[in-house]
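A.B. asks: Okay, sequence plus prediction incoming.
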Amino acid sequence: MPCLSELSELSEHPAFRLAFGVAGAACFGTFVLWRSIHGSLELHGPPHIPSPRDAAMPALSEDEVRQLPYPSDALPGARDVQSPYGSTRVYEWGPADGRRLLLIHGISTPSIALTGLAYSLVERGYRVMLFDLFGRGYSSGPSPSTHQYDSALYTSQILLCLQSSPIPWTSFTLIGYSLGGAIAADFTSYFPNLVEGLVLVASGGLIRTEHISWKSRLLYSTGGLLPESLIERLVAKRLWTGPVEARSIEPEIATASTSSSSDHDEPKGGLRSHAVYTSSNIVLLPENPYSTVSHVVDWQIIHHQGFIPAFISSIRYAPIHNQHQRWKKIADNIRNGTGKLNQVWLVLGEIDPIIIADELVEDAQATFGEDIVHIKIVKGSGHEVAIDRASEIVDVVEQML
């Protein structure tokens, strides 16, 4: 074995230095590659976030399954549509030869929020399709670190749902509620040859940005001012209803200043966190006392790891604000005879604290033109108009078609 002096002399030899340098560079390169792969996995995470069906349901007891606010067999015609984005839960039923209606729910409550509307339409002879938006209900969803929950993602999801049907959906009416209305209008602007009717219920899309407070701008900013994990915790806390009255069941975008001492001091307007529904105890599924709006939201917070990230990404990137150009495109298509659509209906709650009826009517008429847009104001109803006043929407569909 060489002594220390021999090793010292050897270390000064040019060949030794070269070999040591190569070995060191190789080790460093291996370390950098490992960190790159490891860091990429930490940054981007899995390709999609599993739904409660895969992540939570297997661990539940029979009693817990019976008490689910959103059972996996909640509606007829259930199927799970697989895609590179993850799986989408779809429901489709009604006469196969009936006129087709695609229903899109809002940002926080999954497709069962439109249960009453769907059954009422089927009773009138229509074929209906509902689906859970990515990150809600029993749909998984792409990781927000790799995909934005924007127009492109939601358009892709709609097309995946349509192509999964055993019957052709080459002509249909779109009924969108809240965020679903914004998505429906956006989709229609790109695919005029598919959509023959458009009903926007308490719809986002033209919500005035003046209603966004500085706190909400900070909370949902994309500049990295707050750690994403902290944002998720704050949003989950604000959405959580627990055993008390619901505080927030829609986007946390408040109005003007939120520094007032009382919630009642806040002006109305915009997607905000307080007084969203007149009652959070509205039952969504007949004969299921556990299926209230608040219970379903809390269930998603607890059991769907993708719910809060999808919620946040939708606030940031979905077509909620400043969609005048896309809505004007719909009007241009109608006037040019492009596609099948010839009118647009808005159904609004008279006392909706999120979508202010007077504001949306003014902005929609300026964007569409009064000859294209038709308005129905539902007296005494708030943002839950699609849930508790389904008959009013059915009447609009009948009148339109």
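C.D. replies: Nice, thanks for sending it over. Residues are numbered from 1 along each chain as shown.

A.B. asks: can I assume Pro192 sits in a helix?
C.D. replies: No: counting by DSSP: H, G, I helix; E, B strand; the rest coil, Pro192 falls outside a helix, being coil.

A.B. asks: Report the spatially nearest residue to it, omitting neighbours in sequence.
C.D. replies: The shortest distance from Pro192 to any residue other than its chain neighbours is 2.6 Å, reached at Gly339 (C-beta to C-beta, 6 or more residues apart in numbering). Every C-beta, even on glycine, is put in place using the N, C-alpha and C of the backbone.

A.B. asks: try Met129
C.D. replies: Distance criterion C-beta to C-beta, 6+ apart; nearest residue to Met129, sequence neighbours excluded, is Glu92 at 4.5 Å.

A.B. asks: tell me which element that neighbour falls in.
C.D. replies: strand 86-93 (DSSP states H and E).

A.B. asks: Check which element follows that strand along the chain.
C.D. replies: Downstream of strand 86-93, the first helix or strand assigned by DSSP H and E is strand 100-104.

A.B. asks: what angle sits between that next one and strand 86-93?
C.D. replies: Strand 100-104 runs at 130 degrees relative to strand 86-93, counting by axes from the mean of the first three to the mean of the last three C-alpha atoms, to 10 degrees.

A.B. asks: What is strand 100-104 packed up against?
C.D. replies: The contact analysis (3 or more C-beta pairs under 8 Å, 6 or more residues apart in numbering; DSSP states H and E) places strand 100-104 against helix 115-123, strand 127-131, helix 151-163, strand 172-177, helix 179-190.

A.B. asks: if we can go back for a sec, partner strands of the strand holding Glu92 and their direction?
C.D. replies: Counting by DSSP bridges, the strands paired with strand 86-93 are strand 78-83 (antiparallel), strand 127-131 (antiparallel).

A.B. asks: Can I get stretch 340-350 as CSV, trimmed to CA atoms?
C.D. replies: Output in CSV follows, covering the C-alpha atoms of stretch 340-350 (Å, rounded to 0.1, in the frame of the first residue of the first chain):
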residue,chain,number,x,y,z
LYS,A,340,-76.8,26.7,-35.9
LEU,A,341,-77.3,29.2,-33.1
ASN,A,342,-79.7,32.2,-33.5
GLN,A,343,-80.2,33.4,-30.0
VAL,A,344,-78.6,33.4,-26.5
TRP,A,345,-80.6,33.2,-23.2
LEU,A,346,-79.4,34.6,-19.9
VAL,A,347,-81.2,33.3,-16.7
LEU,A,348,-80.3,35.4,-13.7
GLY,A,349,-81.2,35.4,-10.0
GLU,A,350,-82.8,38.7,-9.0
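
A.B. asks: pLDDT on that stretch, on average?
C.D. replies: Taken as a whole, stretch 340-350 has a mean pLDDT of 97.

A.B. asks: The residue nearest to Pro192 and Asp332 touch, don't they?
C.D. replies: No: if you go by C-beta atoms under 8 Å, Gly339 and Asp332 don't touch, sitting 10.5 Å apart.

A.B. asks: Could you check which of the two is surrounded by more residues?
C.D. replies: Gly339 (16 against 13; other C-beta atoms under 10 Å).

A.B. asks: How about the secondary structure of that one?
C.D. replies: Under three-state DSSP, Gly339 comes out as coil.

A.B. asks: Look up how far Tyr190 lies from it.
C.D. replies: With the distance defined as C-beta to C-beta, to the nearest Å, Gly339 ends up 10 Å from Tyr190.

A.B. asks: Also Ile356?
C.D. replies: Ile356 sits 27 Å away from Tyr190, going by C-beta to C-beta.

A.B. asks: list the contacts for Phe368?
C.D. replies: By C-beta atoms under 8 Å, 6 or more residues apart in numbering, the contact list for Phe368 reads Trp327, Lys328, Ile330, Ala331, Val344.

A.B. asks: Tell me how many other residues crowd the last one.
C.D. replies: Here the count is done by other C-beta under 10 Å, and Val344 has 24 residues near it.

A.B. asks: Next, the contact list for it, please.
C.D. replies: For Val344, the contacting residues are Leu198, Leu200, Ile330, Ile334, Ala364, Phe368, Ile372, Val373, His374, by C-beta under 8 Å, 6+ apart.
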